[in-house]
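**Student:** take this sequence and fold it.
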Amino acid sequence: MTDRKIRVMVAKPGLDGHDRGARVLARCFRDAGFEVIYTGCHQTPEQIVAAAIQEDVDLVGLSCLSGAHRALFPKVVELLKEKDAGDITVIGGGIIPEQDFPALYRAGIKAIFTPGAALDSIVEWIRTNIKPRA
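**Tutor:** Predicted coordinates for the structure are as follows:
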């Protein structure tokens with residue numbers, strides 16, 4: 001058993017430059033006791049995956065408000081698997097229509113949080129579902 005804190009990376013894939021929500025989440029996760037890495041805006045899936053592996057994160061939280069989540073979120077999961085890092089959990093949030101949820105879940109996204117989701121509920125989901133990787 002490890003005493004290592006859960007390491008969470010918050011990432012903004014694609015051209016979406018609106019990161020207020022992502023910064024709020026990063027601060028919330030830090031305050032909840034997680035180690036947090038924030039990649040900033042305009043990250044490619046390849047950059048996100050490289051950073052996730054380099055930082056040895058347990059969870060990647062993707063935020064997308066631009067509508068590109070259908071392409072970008074599954075690409076991150078796919079690249080993690082290709083790099084033998086498929087054990088890193090990926091969750092998503094942002095402006096995501098409910099009809100897109102099933103395809104994202106099938107692609108490997110483990111949870112989806114949309115605007116209005118209580119920060120406490122996201123933290124609780126992480127605490128319940130994520131354990132520090134060995």
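**Student:** just checking, V24 is part of a strand?
**Tutor:** No - applying DSSP: H, G, I helix; E, B strand; the rest coil, one finds V24 to be helix, outside a strand.
**Student:** and it, what does it touch?
**Tutor:** L119 (C-beta atoms under 8 Å, 6 or more residues apart in numbering). Backbone N, C-alpha and C define where each C-beta goes, glycine included.
**Student:** give me the element F73 is part of.
**Tutor:** Taking DSSP states H and E as the definition, one finds F73 inside helix 69-82.
**Student:** flag every buried residue along that helix.
**Tutor:** For helix 69-82, a neighbour-count test (16 or more other C-beta atoms under 10 Å) marks H69, L72, F73, P74, K75, V76, V77, L79, L80 as buried.
**Student:** got it, and stretch 4-15?
**Tutor:** Within stretch 4-15, the residues scored as buried using 16+ other C-beta under 10 Å are I6, R7, V8, M9, V10, A11, K12, P13, G14.
**Student:** same deal with stretch 32-50?
**Tutor:** A32, F34, E35, V36, I37, Y38, T39, C41, Q43, P45, I48, V49.
**Student:** which residues sit against it?
**Tutor:** In contact with stretch 32-50 (C-beta under 8 Å, 6+ apart) are residues 5-17, 19, 22-23, 26, 29-30, 51, 55, 57, 60, 62, 72, 75-76, 79-80, 83, 85, 123, 126-127.
**Student:** mind checking the end-to-end distance for it?
**Tutor:** Terminal residues of stretch 32-50 lie 25 Å apart, using C-alpha to C-alpha, to the nearest Å.
**Student:** SS state for V8?
**Tutor:** strand.
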